[in-house]
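Asks: this one's structure only:
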């Protein structure tokens, strides 16, 4: 009986550790008719060594039915695709991604965008921790200061994704 309980416990812990994050040198990774945004969390479905089948789950805004969002406020997109399976206000999609574009290290997946945020947003003042504000507040704060920081469009997307994901109503804890 102890062996069965131990085996089930190990299986549960292995399943719990199947959270992966998308890594990419670009803001989005284009694959199988989908655009997957960097840092998006996914659940491992099947490991094929060189690639993995992963599942993305989130919310769907009726105004943008081809975008899967991380939260119900529709600020943090995960995947854009016409193949999202809809279930009411929620949705999901399974995609096969190269293993090199996935990591179980959250900090690594978000490292570049965090570096850009801290670099651009500490030129004029000390910065606040992302958890100090919610997504809507960060949108306003960032909007009022971005002209001074002068980010490129690419950097702006990275900064906003970082702030949204790590905000007090975001999906991640800062590591």
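Replies: Okay, I see it. Everything numeric in this text was worked out from a predicted model, so none of it was measured.
Asks: domains of the chain?
Replies: If the domains of the chain are taken from automatic domain parsing, they occupy 2-102, 106-166, with pieces of a single domain joined by a plus sign.
Asks: just so I know, which of these lies nearest residue 173?
Replies: Distance to residue 173, taken as C-beta to C-beta, is lowest for domain 106-166 among the domains of the chain, at 7.6 Å. For glycine as for every other residue, the C-beta is placed from the backbone atoms N, C-alpha and C.
Asks: any idea of the mean pLDDT in the closest one?
Replies: Along domain 106-166, the predicted local confidence has a mean pLDDT of 92.
Asks: can you tell me the helix or strand for residue 92?
Replies: Secondary structure assignment for residue 92, by DSSP states H and E: strand 90-98.
Asks: Around residue 48, count how many other residues there are.
Replies: Look at residue 48: counted by other C-beta atoms under 10 Å, it has 9 neighbours.
Asks: Sorry, wrong one. I was asking about residue 26.
Replies: Count around residue 26 with other C-beta under 10 Å applied: 10.
Asks: which residues touch the helix or strand following the strand holding residue 92?
Replies: Next helix or strand after strand 90-98 toward the C-terminus (DSSP H and E): strand 102-103. Residues outside strand 102-103 that contact it (C-beta atoms under 8 Å, 6 or more residues apart in numbering): 20-23, 42, 52, 54, 109.
Asks: how about the residues you listed in JSON lines, adding secondary structure?
Replies: As requested, those are exported to JSON lines (DSSP: H, G, I helix; E, B strand; the rest coil):
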{"residue": "20", "secondary structure": "strand"}
{"residue": "21", "secondary structure": "strand"}
{"residue": "22", "secondary structure": "strand"}
{"residue": "23", "secondary structure": "coil"}
{"residue": "42", "secondary structure": "strand"}
{"residue": "52", "secondary structure": "strand"}
{"residue": "54", "secondary structure": "strand"}
{"residue": "109", "secondary structure": "helix"}
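Asks: Redo those residues as TSV? Include distance to residue 100.
Replies: As requested, those are arranged in TSV below (distance: C-beta to C-beta, whole Å):
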residue	distance to residue 100
20	12
21	13
22	11
23	8
42	14
52	10
54	13
109	13
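Asks: can you put those residues in a markdown table and add neighbour count?
Replies: Converted to a markdown table, the contacts of strand 102-103 look like this (neighbours: other C-beta atoms under 10 Å):
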| residue | neighbour count |
| --- | --- |
| 20 | 22 |
| 21 | 21 |
| 22 | 24 |
| 23 | 21 |
| 42 | 24 |
| 52 | 20 |
| 54 | 25 |
| 109 | 24 |
